[in-house]
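Visitor: Kindly generate the corresponding structure for this input.
(one chain, ligands or ions: 2)
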Amino acid sequence: MTTTDPPPLIPTLGGNWYVDDRVFAAEQERIFERMWFCAVRSGDLADPGRFRRVRVGRESVLIVRGRDGELRAFLNICRHRGAMLCTEDEGEVRRTLRCPYHAWTYGLDGKLVAAPNLGALRTASGEAIDRVAYGLVPVALREWLGYAWVCLAAEPPSFEGDVVSAVTARLGDPTVIGTYGIEGLAVGHRVVYSVAANWKLIVENFMECYHCATIHPELTDVLPEFAHGLAAQMFVGHGAEFGTDIAGFTIDGAAGFDPLPGIRAEQDRRYYAITIRPQVFVNLVPDHVIIHRMYPLAVDRTVVECDWLYTEDVVDREQDVSRSAELFHRVNQQDFAACERTQPTMSSRAYRDGGVLVPAEHHIAEFHEWVSHRLEEVG
Ligand code: FES
Ligand code: FE
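Guide: Ligands and ions are numbered 1, 2, ... in the order given. Predicted coordinates:
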C-alpha cells in the first residue's frame with residue numbers, strides 16, 4: 001500500500017452483538033447502569049408532585065419534583081416487600097407516593113412518612129423505624145441542558161468527564177453549547193418512536209452520513225455537503241453548511257424562525273451533530289435544537305424520544321413549527337426504517353463475522369472498541 005492508497009475497509013462487530021440477549025444484559029449492567037443516562041426533560045416535571053417513570057438498564061427509576069422545587073430520582077420500589085411503587089409512566093401526586101399494596105407512604109424527598117401501625121413497628125434490635133433508612137433508594141441526578149440525567153452507579157463517573165466533554169470534544173470550544181441556551185428552550189414538538197432495532201444500530205447510523213445521499217433526500221437538499229464529499233461527511237461536528245438557496249432548516253428549505261439569541265455568526269446556517277454516549281444525540285441548528293434520548297428495552301427494541309426545542313416565545317405564541325419539525329421527523333423515520341431493515345438479518349450466517357466500514361465510517365470502529373472494552377471490564 002502506498003501513502004496515496006485510500007484507507008482499507010475495517011471489520012464491524014459480528015452479528016451476535018445485535019441479537020444475543022447475553023450481550024444486551026452485559027450492556028445494561030456495564031453501560032446503562034454505570035453511566036449518566038439522560039432521563040427526562042426537566043420542564044416536563046415543572047410542578048411539585050409531577051413524576052415520570054423511566055427504565056434505566058434493568059431498573060425502573062422514578063423522577064419526581066419535590067415541594068421544595070428539587071428534582072430527585074429513586075428506584076421505583078417499595079421498601080416494604082418490593083412492590084413497584086408507580087405503575088404509570090407519568091403523573092402527578094399531591095404530597096406523597098403511596099404504595100398500593102400495604103400503603104407504605106413516602107414523601108417526595110423519598111422519606112418514609114406513613115405506614116399502617118408505623119409507630120408500633122420496631123427493628124430487630126428494638127429501635128423505632130428510621131424513616132430515611134427505610135425510605136426510597138436514591139439515585140444520583142444532575143440537571144444539564146434542561147434535562148435530568150441519572151446514574152445508578154454507587155459512585156457515578158465524572159459528569160464533566162463523561163457527558164460535558166463529549167460535547168466539547170465535538171464542538172471544539174467549551175463555550176459553544178451554552179450559546180444555544182438549551183436549558184431555557186421549550187418543547188415545541190415531541191415524537192416517541194418505538195424502533196425494532198438494537199440501540200447500537202441506531203448509534204452507528206447517527207454517527208455516519210454515508211447513507212445520507214441514499215435515504216435522506218430532504219436533508220441533503222438542505223445540507224448539500226451531506227450528499228457528496230467524504231470529508232464533509234466525516235466532520236459533521238464542524239458544522240455542515242446550509243445550501244446557498246436554503247433559507248432555514250425546514251422540510252422545504254423555507255425560512256424558519258429567528259436564530260436563537262445567543263448563537264454566534266459562525267454558527268448561523270450550520271448544522272452540528274453530537275453523540276453523547278451511551279444514548280443521546282444533540283442536533284444544533286440556528287433556530288432550534290433537536291435532542292434524541294434512547295431507551296434500550298430489549299436486544300431488538302429501542303424507544304427513542306425526540307424533542308424539538310424552540311424559544312419560549314415560539315412555543316408560547318403557538319407559532320407553526322410543523323415545517324421545521326417535519327424535516328428531522330422524516331430523517332428519523334428514514335433512519336429507523338434502515339435500522340429495522342438491518343436488525344432481522346444480524347442473526348444470519350452471512351453476518352456472523354460482521355460487515356465492513358468504508359473510510360467515511362471508520363470513526364464507528366472507535367465506538368465498537370468502546371463497547372467491547374466496556375463489556376470486557378470485570379463486573
Ligand atoms: Fe409496598 Fe407492602 S410492598 S406497602
Ligand atoms: Fe441518517
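Visitor: what's the neighbour count on L185?
Guide: Neighbourhood size, L185 [other Cβ atoms under 10 Å]: 24. Just so you know, the C-beta spots here come from the backbone N, C-alpha and C atoms, and that holds for glycine as well.
Visitor: State the helix or strand in which the residue nearest to it when sequence neighbours are not counted lies.
Guide: Closest residue in space to L185, ignoring its immediate chain neighbours: L309 at 3.8 Å, by Cβ to Cβ, 6 or more residues apart in numbering. According to DSSP states H and E, L309 maps onto strand 301-310.
Visitor: Could you find the closest non-adjacent residue to R94?
Guide: In space, R94 comes closest to G49 once its chain neighbours are excluded; the distance is 5.8 Å by Cβ to Cβ, 6+ apart.
Visitor: For the residue nearest to L185, which residues count as its bridge partners?
Guide: L309 forms beta bridges with V187, V289, as assigned by DSSP bridges.
Visitor: So what touches the strand holding L309?
Guide: Contact with strand 301-310 is made by 41, 146, 182, 185-199, 202, 257, 287-297, 319, 321, 324-325, 328-329, 332, 336, as judged by Cβ atoms under 8 Å, 6 or more residues apart in numbering.
Visitor: can you pull up the bridge partners for the closest residue in space to L45 that isn't next to it in sequence?
Guide: Using Cβ to Cβ, 6+ apart and skipping residues adjacent in sequence, the residue nearest L45 is R65, 4.6 Å away. Under DSSP bridges, the beta-bridge partners of R65 are L71.
Visitor: In helices, which of the contacts of strand 301-310 fall?
Guide: Assigned to helices by DSSP state H, the following of the contacts of strand 301-310 qualify: 199, 202, 324-325, 328-329, 332, 336.
Visitor: farthest pair in these?
Guide: Taking Cβ to Cβ as the measure, those span a maximum distance of 26.9 Å, between W199 and S324.
Visitor: and this structure, which residues reach ligand 1?
Guide: Residues of the chain found near ligand 1 (Cβ under 6 Å from any ligand atom) are 78, 80-83, 99, 101-104.
Visitor: how about the residues you listed, which pair is most distant?
Guide: Spatial extent of the residues of the chain next to ligand 1 (Cβ to Cβ) is set by the pair G82 and A103 at 14.8 Å.
Visitor: give me the beta-bridge partners of P296?
Guide: Beta-bridge partners of P296, counted by DSSP bridges, are T302.
Visitor: Hmm, Q28 and it touching each other?
Guide: Yes: using Cβ atoms under 8 Å, P296 is in contact with Q28, at 7.5 Å.
Visitor: Have a look at those two and say which one is more surrounded.
Guide: Taking neighbours as other Cβ under 10 Å, P296 and Q28 compare with P296 leading, 25 against 18.
Visitor: Endpoints of stretch 208-225, how far apart?
Guide: Criterion Cα to Cα, to the nearest Å; first-to-last residue distance in stretch 208-225 is 13 Å.
Visitor: Tell me the buried residues in it?
Guide: For stretch 208-225, the neighbour count (16 or more other Cβ atoms under 10 Å) marks 208-212, 216, 218-225 as buried.
Visitor: rewinding a little: in CSV: the residues of the chain next to ligand 1, plus secondary structure.
Guide: Output for the residues of the chain next to ligand 1, formatted as CSV (DSSP: H, G, I helix; E, B strand; the rest coil):
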residue, secondary structure
C78, coil
H80, coil
R81, coil
G82, coil
A83, coil
C99, coil
Y101, coil
H102, coil
A103, coil
W104, coil
